[in-house]
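Asker: I'd like to go over a predicted model; first the sequence, then the structure.
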Amino acid sequence: MEQLTQDFLRTKKLPHIWCPGCGNGIVTAALVRAIERTGFDQKDVVIVSGIGCSSRAAGYLNFNTLHTTHGRALAFATGLKMARPELKLFVIMGDGDCSAIGGNHFIHSARRNIDLNAIVVNNHIYGMTGGQHSPLTPTGKKATTAPGGTLEPAFDLLKLARGAGATFGAKGNAAQPRQLEQLIIRAANHKGFSVVEALSPCPIAYGRRNKLGGAVDMLREMKEKSISVERAANMDEAELEDRTINGVLFSDDAPEYAEAYYRSIGKDIG
């Protein structure tokens, strides 16, 4: 792990700015281990991020990095992938960054099935910009913009992704980092638009306001509520209520956009 730290982190940028108990560091560490295990050349890896707590990870990672505007990370990543299709792109976004401000880009990245790896760190809140609720905040949970609890239902992000055309979707969490690492590896080796939703505790902006206890309590509950895809297949709807299904939820084959484009103009991207 010490060697990974020296190779893949910009140690001069540390210590990080994340709050005590935040899961962003766990998710970032899982991403680093996953990239190392893929065997990708470090110079061919690009980390793209938008704005928000999780997007700060791009500043700490020693790869080619692109820290973009709020909600627009996938748009920047799409442009880069089309210009340099040989690159391996990982796009780190928060739940609000991805599904609210960047929702349109998310839908069309999925529709194109462009070969990007979207790592969506879902802490159910806008942690950095004021504690507002996001499209992934569970119904009834409080936020600065929902002091009595959110009224609308949350998106099922992976169902949205698949419905829009994404060909790989998986869910993991910060309480089970080794599983999350494996899911990111599988996403990285998949050709097409891949989405890994990583549930992460926000004990300050979300947990404190909703009386969920500290970071350890939130991680424990996250782990206790999670079940595997295989186990969920043998459970009925009542048994699955209030549970989180972890693992690869779908993996499909479809033409990848950059390859199709270059083929259409008579070029081979290798």
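Answerer: It's in.

Asker: what segments of the stretch 151-270 of the chain are helices?
Answerer: Counting by DSSP state H, counting those that start in this stretch, one finds helices in the stretch 151-270 of the chain at the ranges 157-164, 177-188, 215-225, 229-232, 237-240, 257-264.

Asker: could you identify which of those is most buried?
Answerer: The highest mean neighbour count among the helices of the stretch 151-270 of the chain, using mean count of other C-beta atoms under 10 Å, belongs to helix 177-188: a mean of 21. Bear in mind the C-beta positions are built from the backbone N, C-alpha and C, glycine included.

Asker: can you give me the mean pLDDT across it?
Answerer: Averaging the model's pLDDT scores along helix 177-188 yields 98.

Asker: just stretch 150-160 next, same as before
Answerer: Stretch 150-160 comes out at a mean pLDDT of 95.

Asker: could you tell me the end-to-end distance of that stretch?
Answerer: 20 Å (C-alpha to C-alpha, to the nearest Å).

Asker: for stretch 228-238, same thing?
Answerer: End-to-end distance for stretch 228-238, by C-alpha to C-alpha: 16 Å.

Asker: same question, stretch 95-102
Answerer: Using C-alpha to C-alpha, the end-to-end distance of stretch 95-102 comes to 9 Å.

Asker: tell me the mean pLDDT over that stretch?
Answerer: Average pLDDT, stretch 95-102: 94.

Asker: before we move on, what about stretch 73-82?
Answerer: 97.

Asker: excluding its own residues, what touches it? List them.
Answerer: 46, 48-50, 55, 66, 68, 87, 89, 91-93, 97-98, 102, 105-106, 109, 112, 114-116, 118, 258, 261 (C-beta atoms under 8 Å, 6 or more residues apart in numbering).

Asker: among those residues, which lie within helices?
Answerer: Within those, membership in helices is found for 105-106, 109, 112, 258, 261, as judged by DSSP state H.

Asker: what about burial for the contacts of stretch 73-82, which qualify?
Answerer: Buried by 16 or more other C-beta atoms under 10 Å: 46, 48-50, 55, 66, 68, 87, 89, 91-93, 97-98, 102, 105-106, 109, 112, 114-116, 118, 258, out of those.

Asker: all strands for the stretch 51-200 of the chain, in order.
Answerer: Taking DSSP state E, counting those that start in this stretch as the criterion, the stretch 51-200 of the chain carries its strands at 64-67, 88-94, 117-122, 168-173, 194-199.

Asker: okay then, goodbye and thanks.
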